[in-house]
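Chemist: This is a predicted model, with the sequence first.
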Amino acid sequence: MKVIDGGINAPIGFEAAGIEAGIKYQNRKDMAIIYSKKPCVVAGTFTSNLVKAAPVKWDMKVVSDSPFAQAVIVNTGIANAGTGVEGMGYCEKTAEEAGKVLGIPKESVLVGSTGVIGAQIPIDRIVAGISKLSEAKSHEKEDGTNASKAIMTTDTVNKELAVEVEIGGVTVTLGAMSKGSGMIHPNMCTMLGYVTTDANISKEVLTKLVKEDVVDTYNMISVDGDTSTNDTLLVMANGMANNEEIKEGTKEYEDFKEALHFINETQAKRLAGDGEGAQALIECKVINADTKENARILAKSVICSSLTKAAVYGHDANWGRILCALGYSGAKFDPDKMELYYQGASNSMLIYKDGMGVDYSEEAATEILKESEVRFLVDLKNGNETATAWGCDLTYDYVKINADYRS
């Protein structure tokens, strides 16, 4: 597998674009398209929040019922959530217009929205934007980057990635773009995440891979504990690499699985590290747990702890907050047998062992907490299972950003 220069339109046959449509913001790109020259099999995971945005409901139906998908239209600024029958009608109108402009069935058009909940989208601007997107879309890297920028809300950087992997002697490419900075606590997927590939793979096999992989990637991040109404992860495969169809239980399956996991984990960590107001990415790795599920629960409890997040922001080596978060997680473990380490880019420091803190340098621990990536290693010493979760520190800016988000 090799990381290459590119993004969502890197695979063969995919085009993308991002344009300014004036949905809510001025003087910034706020509408994007992903388009495949050939029909795609599509797999998706969606928010577990009972309050689901209209685009989520639309996309769930397309993924479930449509024989193929071929385009995605995304807007930022307005989430089209809490908008009732009218909001669903706007999803259909968006798909109809895209289908007409692109010459494809409306049932093959996926729709995404992100932004403020409760406002109706300006459908006239969406319709006008679709024509502009159709004219602007291309296979050029710049247009893929423009698409990734057009889906940003409070993100400080766009998040795109592309990799190549050899599948049965054929080069297969995967591309991705994601957005998310606040209201990040996925419980099926990320805020908005899109993956494209030219791999030849069935919908059944792709769906299995996506649903399994999301558990240890997007579902293991949190910024603020809020699960969005709009969480969507879509993976589209058009088969244009012309590899032999990827079958479960083969080396080709494992190679593709590894590439997809790398894409999803990398993008998930970028979302966590770009949390609203964040200055540091926090990683908690739990090793030697009795079960995989307990390892996941414990790791995520640490990165979700507001007190731990605040301690990282203040560079305060208050390991009691981590111990506390482990203890209230609901997972069973023996705190008198576990070990806790702080890990920097080039060093690892034992902090807690055998039920009590050890003699360590407070100054050295503080220096680790000043790094842009702060890692906690929890060794439970009661099994062989491992899990990793990612979050970010909690800063004053998080409150500032969310106090006036609508204005």
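Modeler: Done, it's in.
Chemist: If the nearest residue to I23 once chain neighbours are set aside is in a bridge, with which residues?
Modeler: Spatial nearest neighbour of I23, excluding adjacent residues (CB to CB, 6 or more residues apart in numbering): G77 at 4.2 Å. (C-beta placed from N, C-alpha, C; glycine too.) Beta-bridge partners recorded for G77 (DSSP bridges): G115.
Chemist: surely D226 meets G180?
Modeler: No. Counting by CB atoms under 8 Å, D226 does not reach G180; the two are 11.3 Å apart.
Chemist: Among the two, which residue is more densely surrounded?
Modeler: The residue with more neighbours, out of D226 and G180, is G180; 32 against 13, by other CB atoms under 10 Å.
Chemist: For I151, see how far away the more buried one is.
Modeler: From G180 over to I151 the distance is 10 Å, taken as CB to CB, to the nearest Å.
Chemist: Dump the longest helix belonging to the chain to CSV, keeping only the CA atoms.
Modeler: Determined from DSSP state H, the single longest helix within the chain is helix 251-273. Extracted as CSV, the C-alpha positions of helix 251-273 are listed here (Å, rounded to 0.1, in the frame of the first residue of the first chain):
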residue,chain,number,x,y,z
LYS,A,251,-5.3,-12.4,0.1
GLU,A,252,-6.9,-9.7,-2.1
TYR,A,253,-9.6,-9.3,0.5
GLU,A,254,-7.1,-8.8,3.3
ASP,A,255,-5.1,-6.3,1.2
PHE,A,256,-8.1,-4.2,0.4
LYS,A,257,-9.3,-4.5,4.0
GLU,A,258,-5.9,-3.1,5.2
ALA,A,259,-6.1,-0.2,2.8
LEU,A,260,-9.7,0.7,3.8
HIS,A,261,-8.7,0.5,7.4
PHE,A,262,-5.8,2.9,6.9
ILE,A,263,-8.0,5.4,5.1
ASN,A,264,-10.7,5.2,7.8
GLU,A,265,-8.3,5.4,10.8
THR,A,266,-6.3,8.2,9.3
GLN,A,267,-9.3,10.3,8.5
ALA,A,268,-10.9,9.5,11.9
LYS,A,269,-7.7,10.7,13.7
ARG,A,270,-7.7,13.9,11.7
LEU,A,271,-11.2,14.6,12.8
ALA,A,272,-10.3,14.1,16.4
GLY,A,273,-7.2,16.2,16.1
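Chemist: Need the residues touching each of G180 and I151.
Modeler: Residues touching both G180 and I151 (CB atoms under 8 Å, 6 or more residues apart in numbering): L192.
Chemist: Could you check how far the residue nearest to I23 is from V399?
Modeler: Counting by CB to CB - G77 and V399 are separated by 22 Å.
Chemist: These two: who's more crowded?
Modeler: A direct count of neighbours by other CB under 10 Å for G77 and V399 places G77 higher, at 21 against 11.
Chemist: residues in contact with that one?
Modeler: I23, K24, Y25, D30, T114, G115, V116, T153.
Chemist: Does the last one touch T114 like I think?
Modeler: Just to be clear, that refers to T153. Yes. Between T153 and T114 there is a contact under CB under 8 Å: 5.7 Å.
Chemist: overlap in contacts of those two?
Modeler: What both T153 and T114 touch, as defined by CB under 8 Å, 6+ apart, is the set T76, G77, K179.
Chemist: can I get those in CSV with distance to P39 and pLDDT?
Modeler: Compiled in CSV, those are given as follows (distance: CB to CB, whole Å; pLDDT from 0 to 100):
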residue, distance to P39, pLDDT
T76, 27, 95
G77, 30, 93
K179, 26, 94
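Chemist: L298: which of these is nearest?
Modeler: Taking CB to CB as the measure, L298 lies nearest K179 of the shared contacts of T153 and T114, at 28.5 Å.
Chemist: Tell me which other helices or strands the biggest strand by length in the chain touches.
Modeler: Determined from DSSP state E, the single longest strand within the chain is strand 31-46. Counting by 3 or more CB pairs under 8 Å, 6 or more residues apart in numbering; DSSP states H and E, the packing neighbours recorded for strand 31-46 are strand 14-19, helix 54-65, strand 69-78, helix 123-136, helix 141-150, strand 192-197, helix 203-213, strand 232-237.
Chemist: Mind doing that once more with 7 Å?
Modeler: strand 14-19, helix 54-65, strand 69-78, helix 123-136, helix 141-150, helix 203-213, strand 232-237 (3 or more CB pairs under 7 Å, 6 or more residues apart in numbering; DSSP states H and E).
Chemist: looking at these, which is closest to V378?
Modeler: With CB to CB as the measure, helix 203-213 is the member of these nearest V378 (23.1 Å).
Chemist: contacting residues around the closest one?
Modeler: The contact list for helix 203-213 (CB atoms under 7 Å, 6 or more residues apart in numbering) reads V41, A43, T45, V235, A237, I246, E248, K257, L260, H261, N264.
Chemist: Reformat those residues as JSON lines; add pLDDT, distance to D198 and neighbour count.
Modeler: Output for the contacts of helix 203-213, formatted as JSON lines (pLDDT from 0 to 100; distance: CB to CB, whole Å; neighbours: other CB atoms under 10 Å):
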{"residue": "V41", "pLDDT": "98", "distance to D198": "12", "neighbour count": "23"}
{"residue": "A43", "pLDDT": "98", "distance to D198": "15", "neighbour count": "23"}
{"residue": "T45", "pLDDT": "96", "distance to D198": "21", "neighbour count": "26"}
{"residue": "V235", "pLDDT": "98", "distance to D198": "12", "neighbour count": "28"}
{"residue": "A237", "pLDDT": "98", "distance to D198": "7", "neighbour count": "28"}
{"residue": "I246", "pLDDT": "98", "distance to D198": "12", "neighbour count": "24"}
{"residue": "E248", "pLDDT": "97", "distance to D198": "20", "neighbour count": "14"}
{"residue": "K257", "pLDDT": "98", "distance to D198": "17", "neighbour count": "18"}
{"residue": "L260", "pLDDT": "98", "distance to D198": "13", "neighbour count": "24"}
{"residue": "H261", "pLDDT": "98", "distance to D198": "18", "neighbour count": "15"}
{"residue": "N264", "pLDDT": "97", "distance to D198": "18", "neighbour count": "27"}
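Chemist: If anything else comes up later, I'll come back, but that's it for now.
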